[in-house]
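Undergrad: Here is a sequence with its predicted model. Questions after.
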Amino acid sequence: MEGLKIYFAHKENKGSFWETVGDHLRETSSLAAQFASAWDRKEEGAATGLLHDLGKYTDLFEQVLKGEVQRIDHAAPGAQALLKLYEKEGLAAAIAVQGHHEGLQIGRPKDIGRTLKMTEPISPQNKTYSSKDADPLLNYFRQDNLILPPKIISDYWVEYKKNRSVAAMLYTRMLFSALVDADFLATEAHYNSSKKGGYLYRPAGKKLEPKKFLSALFKYMSKLKEKPHANDQLNSLRNDLFNTCLEGGKDNKGIYTLTAPTGAGKTLSMLAFALKHAAQHQLKRIIFVMPYLSIIEQNALIYKEVLENCGDDIILEDHSLAELPEKQRLFSENWDAPIIVTTTVRFFEGLFANRSSPCRRLHNIANSVILFDEAQSMPPKLAIYTLAALAYLVERFGCSVVFSTATQPAFETLSNEVKQHVTSGWQPKELVPKELKLFDKTRKIQAKWNIDLPLETTTWRTIAREMAAEPQILAIVNTKKQARNLYREIKKKIDEINGLFFLSTDMCPAHRLTVINKIKGILDKKEFAAKVNCRLISTQCVEAGVNLDFPVVWRALGPLEAIIQAAGRCNREGLLPFGKIVIFQPPDENFPDGAYEKGAAEVKAMFMEQKIGTNLEDPEIIKEYYHRFFTDNLHHYNKKKLAKVFQQYDFLKVAQEYRWIEDNTINVLVPYSKKIDTYNRLCESARKGNFNRAWIKEALPLSVGYRVSVGHDVRDYLEPVQKGLKKNTGWFLLVNSALYTDATGLIQQDDVIFG
């Protein structure tokens, strides 16, 4: 092998030195081995890193570096070598290596084996292979004194043979994550260095220090008790929940539920459990996952207050509205921080992704405690696959999982279906013992049901008349159209409009925040007692993460969890002897989706059977509701298309089909009056082609997302934001400023387009 040519992986660094393939493979392998050792697969990680760029030992790739050719597949030779050398144990590594640039593809052994024979002239991605035979390339590999592990052990083949597709595919994604993060970090370190063969790595994120952070939490709680914001009974309830969660943190790793009333102090109690649990089991990271940006920003602010004296970069907010400094932006790429606060969409769609960017952070989920707030928000059609993935994180990757909500879904009903994908199924342990009777201690609410009245008494006009008689009232309905109808009717009934408010997602986040802050200013303790007029008409966007406290709440018939969330905005601090919630039948019975409608039907059936009444938050009632909901509708949850692509082990199609939010929405920049200068500047910038990450971050608080039906021309209302020749950025400018008002946001000229 004397005299073999030297090949390079990357061009010159800051010192004008090129990186050899051997150096890059060695560096990537070391990192990938370190990452995969978190689940005891160090050798598999090492082999994956060592062979991922084997295809760079070629003249064709050398031409790529010189800019002479493009569209060369240098990943396939390394994947081929892994299959040849390790056979079935090398499957996951081969899939990861094959996809480390193009994304994970098909995972069935026969498919990947056929592809890696490279009999076709070009790859499935229309690229030319840098080499179709890995064996000659291994000579250069050995010349660089690189040594492969003699054998590796992988879980992929075991899970595949038992047809546990969710487990098998997630295992591969975790290995893929270890590889791509190692590859990114090593490449970045090469370019940052000014030395030959040198690597200058970015600073590592802070380590979790649970005992230190617990001490800060105890100090924060002591200060909080000095200035209580609720009545004595509610403060006692919150204290009980905190201590219970703190004690529960000593329990074994596993799956937990945290079921407590709205306003019971779950935010701090979850942190107490997480820190105690992390200290007990030497966990590396705490991850808070929440469905709504309003909850994320609110809870992250509290956690930052708790830990403000514990150092910088402790808490990483990773969501679309987060304004991150450069260092934290780097940490967000791979979640290299002790405490992560993120969205359900970002977390779960990452677990089912096939591309390197969303998968890159997955390996840092291992050995974490993961807490999901508002667990009832999970789309039922995704429940089986989502629960299976979480169960596998617990079973195989050393995690603990907590589902927190006032309305705990009976997901254990789906345990047998979950077992089809992962050994353990779904059998959570409740953190709050029944004898604590938290729901008996909660604030007092009187529930009235108006869902069986004659139709002539349930028009928007009659409903508005009753609601207008209340000086302070919150009304929550199921759709934007219902909200607009009710708002118009109430507006006719009252003389003044200063105390009438509207909230829906037809209003941009900055607009909604202004309205919420104004309402909070009215509903402070003094004005609350004085009954200053404050009437709010809202869609369900107000039901989670918005801490409003009304004496009276009206809620349109919907799923039980939605009704209970609405009740959480009634007498929230327990300052009144009783709050009142009225559940009513809206005149036009429309629902956001089929699952929402089925939930409302179950509630109505239970009411007619006299199984539900004033006892809205009774955990046994909630359990029966969910048991009926899941059992009656189980056939709807095995989403056929998603089930099919899982059986095909098709990583790309799984990523396309597993969506928490449907893709048929567009982002519209709107001219909200209080931010009109920002709107005008963003419009001008977009028209000049300056569409980038910074533009998007500034635009998000002024954006409204809505669906556009097929066949409707929106050019009269919207101007597309373009980036060069690429027209489909997903962003539009609302060109008719008259279509956005300070009262209700978008004016709905056409319910099909704007509804």
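TA: Now that the structure is in, tell me what you want to look at.

Undergrad: how's this protein carved up into domains?
TA: The record's domain split for the chain, according to automatic domain parsing, is 8-192, 217-223+252-439, 443-616, 665-754.

Undergrad: residues making contact with stretch 739-747?
TA: By C-beta atoms under 8 Å, 6 or more residues apart in numbering, the residues outside stretch 739-747 that reach it are 484, 487, 502, 504, 506-508, 511, 670-673, 704, 706, 717, 734, 738, 749, 754. (C-beta placed from N, C-alpha, C; glycine too.)

Undergrad: Now which of these would you call buried?
TA: Buried members of the contacts of stretch 739-747, scored by 16 or more other C-beta atoms under 10 Å, are 484, 487, 502, 504, 506-508, 511, 670-672, 704, 706, 717, 734, 754.

Undergrad: follow-up on the earlier one: could you redo the domains of the chain as CSV and give each row mean pLDDT and distance to L642?
TA: Formatted as CSV, the entries for those read as follows, by pLDDT from 0 to 100; distance: least, C-beta to C-beta, whole Å:
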stretch, mean pLDDT, distance to L642
domain 8-192, 96, 11
domain 217-223+252-439, 92, 7
domain 443-616, 85, 15
domain 665-754, 81, 20
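
Undergrad: from the buried ones among the contacts of stretch 739-747, which two are the most distant?
TA: Spanning the widest gap among the buried ones among the contacts of stretch 739-747 are Y487 and Y717, at 21.7 Å by C-beta to C-beta.

Undergrad: how about the domains of the chain in JSON lines, adding distance to L246?
TA: Formatted as JSON lines, the domains of the chain follow (distance: least, C-beta to C-beta, whole Å):
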{"stretch": "domain 8-192", "distance to L246": "27"}
{"stretch": "domain 217-223+252-439", "distance to L246": "4"}
{"stretch": "domain 443-616", "distance to L246": "23"}
{"stretch": "domain 665-754", "distance to L246": "36"}
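
Undergrad: Which among those domains is found nearest to K641?
TA: Of all those, domain 217-223+252-439 sits nearest to K641, with 10.2 Å by C-beta to C-beta.

Undergrad: can you give me how far the closest one is from the chain middle?
TA: When C-alpha coordinates are averaged (C-alpha atoms, centre = their mean, to the nearest Å), domain 217-223+252-439 and its chain have centres 10 Å apart.

Undergrad: Okay, now it: how far is its last residue from its first?
TA: Domain 217-223+252-439 has an end-to-end distance of 25 Å (C-alpha to C-alpha, to the nearest Å).

Undergrad: In this structure, which helix is the longest?
TA: The helix of greatest length in the chain, counted in residues with DSSP state H as the criterion, is given as helix 165-192.

Undergrad: Tell me which residues touch the closest residue to A32 other than its chain neighbours, please.
TA: For A32, ignoring the flanking residues on the chain, the nearest one in space by C-beta to C-beta, 6 or more residues apart in numbering is G49 at 3.5 Å. For G49, the contacting residues are L25, T28, S29, S30, L31, A32, A33, L179, A182, D183, by C-beta under 8 Å, 6+ apart.

Undergrad: Confirm A475 sits in a helix?
TA: No: counting by DSSP: H, G, I helix; E, B strand; the rest coil, A475 falls outside a helix, being strand.

Undergrad: Now do the contacts for it.
TA: If a contact means C-beta under 8 Å, 6+ apart, then A475 has M467, L486, R535, L536, I537, S538, V553, W554, R555 as its contacts.

Undergrad: do you know which of the domains of the chain lies nearest H627?
TA: With C-beta to C-beta, the closest approach to H627 among the domains of the chain belongs to domain 217-223+252-439: 4.9 Å.

Undergrad: can you give me the helices for the stretch 351-500 of the chain?
TA: Under the criterion DSSP state H, counting those that start in this stretch, the stretch 351-500 of the chain contains helices at 356-359, 383-397, 415-419, 438-441, 460-468, 480-493.

Undergrad: what's the answer for the stretch 651-755 of the chain, then?
TA: Across the stretch 651-755 of the chain, reading from the start of the chain, the helices by DSSP H, counting those that start in this stretch fall at 651-657, 676-687, 693-699, 751-754.

Undergrad: For Y201, find the nearest of the ones you listed.
TA: Comparing the helices of the stretch 651-755 of the chain under C-beta to C-beta, the one sitting nearest is helix 693-699, at 23.5 Å.
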